[in-house]
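Chemist: Next one to model:
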Amino acid sequence: MIYLDNGATTKVAPEVLEAMLPWFCEKYGNPSAVYTSGQAGKKAVNEARRKIAAVIGAGQEEIFFTSGGTESDNWALKAAAESRGHRGRHIVTTKIEHHAVLHTCRFLERQGFEVTYLDVDREGMVDKEALKAAIRTDTILISVMYANNEIGTIEPVREIGEIARERGILFHTDAVQAFGQIPINAEEMKIDLLSASAHKLNGPKGVGMLYVRPGVELGPFMHGGGQERGFRAGTENVPGIVGFGAAADRALSRMTEKAEKERALRDHLIRRIENEIPYCRLNGHREKRLPGNVNFSFRFVQGEALAIAMDMKGVCVSSGSACTVDDGEPSHVLLAAGLGKEEAHGALRMTVSAENTAEETDRAVDILKQAVCRLREMSSAYRNFTAGRGTVSQG
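Modeler: Down below sits the predicted model:
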């Protein structure tokens, strides 16, 4: 198997699994208990909190554990709206956010809030001037993702943070795809709230975190006990949290080396596809993109059929976001970036990791070429198009 869907999830690293194992059976005490084994769990949770905070230059008291990025996004938006609703009821976000943000915004609209959904350009980039123009006197929150999960575009987060801070508006960023992959400094970038998830960086599924800048008033998301200093009730997932901490520590120590290798593999994939497969388009920003992200639209081909064809040859890729693959609709991200429905339906995402090899990526492109060719041969639209042109050329 050649695994090229690391944007959806990653395998747990051996050292991460090793760190987690004792907390399942040997050190299973409740971290809220006063006895020794419970206090050992509490200490492990706080040590993980410190390691995770270090990835974004934060203090450990600014990290709150959740069940994943979706919960963190929901908490950030709903709690910010609740705590600042007396100041105003306007929120600004973008049309390309993860559905954890977009659907939460729709929920808040039903609660009487107004939401402005910003357009993006052809490369998926937010226009800072459009953001400024969208801000009103009653704007209380701006939520713009750090990097897009489908097309990999990295947004101008520092500039957005500065705009929000100057106007006294809370700034939340969904950094699920960026955390541990590229450098982030929450304080320097004027980020108030940041969401992240462990399973995107070789940690376990089912655990995430929300960073909350000191001084930001945010109410609890889960009510019950006093865990997470009263903000997120429920017995802590100690093995998962320990694994998240180990994954964060691992990611920070090898970030530069890992990103360099992924960029090399990414760019090799892009060059080969553009040079060898006609009628394709690279989606997302060519330079300002995540190190491992490759997203192409192929004309006359359905992305889902292409992903299935590649899976039959042992290559794991995605026809879009793993969270929306079952809804049958074209990607909202690609539509917002100006693609037509046909182009959006023909999209394929490949996300490499540093553990992939050049040989694997070459093999994947060879299989991709064959799959595109076979599927196009079955397309009447493609046959009519090529018959009208006389010959098929690159481009």
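Chemist: Look at the spatially most central residue of the chain and give its secondary structure.
Modeler: The residue lying closest to the centre of the chain (C-alpha atoms, centre = their mean) is residue 177, at 3.0 Å. Following DSSP: H, G, I helix; E, B strand; the rest coil, we place residue 177 in the coil state.
Chemist: Double-check it against residue 149; I have them as touching.
Modeler: Yes. Counting by C-beta atoms under 8 Å, residue 177 does reach residue 149; the two are 5.0 Å apart. The C-beta positions use only the backbone N, C-alpha and C, and glycine is treated the same way.
Chemist: Which residues are in contact with each of the two?
Modeler: Common neighbours of residue 177 and residue 149, using C-beta atoms under 8 Å, 6 or more residues apart in numbering, are residue 7.
Chemist: how far away is residue 63 from residue 331?
Modeler: Distance, residue 63 to residue 331, using C-beta to C-beta, to the nearest Å: 32 Å.
Chemist: again with residue 89
Modeler: 30 Å.
Chemist: Please report how far residue 47 lies from residue 120.
Modeler: Per C-beta to C-beta, residue 47 is found 39 Å from residue 120.
Chemist: cool, residue 206 as well?
Modeler: 31 Å.
Chemist: same question, residue 45
Modeler: Using C-beta to C-beta, residue 45 is found at 38 Å from residue 120.
Chemist: Kindly report the same for residue 161.
Modeler: From residue 161 across to residue 120, the span is 18 Å (C-beta to C-beta).
Chemist: all strands of this protein, in order?
Modeler: Here the chain has its strands, by DSSP state E, at 2-3, 63-66, 90-94, 114-118, 139-143, 170-174, 193-197, 208-212, 280-282, 293-298, 315-316, 347-351.
Chemist: contact partners of the second one?
Modeler: Applying C-beta under 8 Å, 6+ apart, the set of residues contacting strand 63-66 from outside is 45, 49, 52-53, 72, 75, 207-212, 221, 228-229, 231-232, 236-237, 241, 244.
Chemist: Relative to that strand, what are the paired strands and their orientations?
Modeler: Sheet pairing here is set by DSSP bridges, and for strand 63-66 it gives strand 208-212 (antiparallel).
Chemist: pLDDT weak spots in this protein?
Modeler: 321-327, 389-395 (pLDDT under 70).
Chemist: Determine the longest helix present in it.
Modeler: helix 255-276 (DSSP state H).
Chemist: Would you mark the buried spots in it?
Modeler: By 16 or more other C-beta atoms under 10 Å, the buried positions in helix 255-276 come out as 255, 258-259, 261-262, 265-266, 268-270, 272-273.
Chemist: Include distance to residue 1 when you put those into CSV, please.
Modeler: Converted to CSV, these look like this (distance: C-beta to C-beta, whole Å):
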residue, distance to residue 1
255, 26
258, 21
259, 24
261, 20
262, 19
265, 17
266, 20
268, 20
269, 17
270, 22
272, 20
273, 20
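Chemist: Next, count neighbours for the closest residue to residue 211 other than its chain neighbours.
Modeler: Leaving aside its chain neighbours, residue 211 sits nearest to residue 194 (4.0 Å; criterion: C-beta to C-beta, 6 or more residues apart in numbering). For residue 194, the neighbour count with other C-beta atoms under 10 Å is 29.
Chemist: can you give me the helices in the stretch 101-250 of the chain?
Modeler: Counting by DSSP state H, counting those that start in this stretch, the segments of the stretch 101-250 of the chain that form helices are 128-134, 157-166, 238-253.
Chemist: can you pull the contacts of residue 150?
Modeler: Applying C-beta under 8 Å, 6+ apart, the residues contacting residue 150 are 7, 96, 283-284, 295, 320-321, 331, 333-334, 347, 349.
Chemist: repeat for residue 81
Modeler: 89, 91, 108, 111, 113, 140-141.
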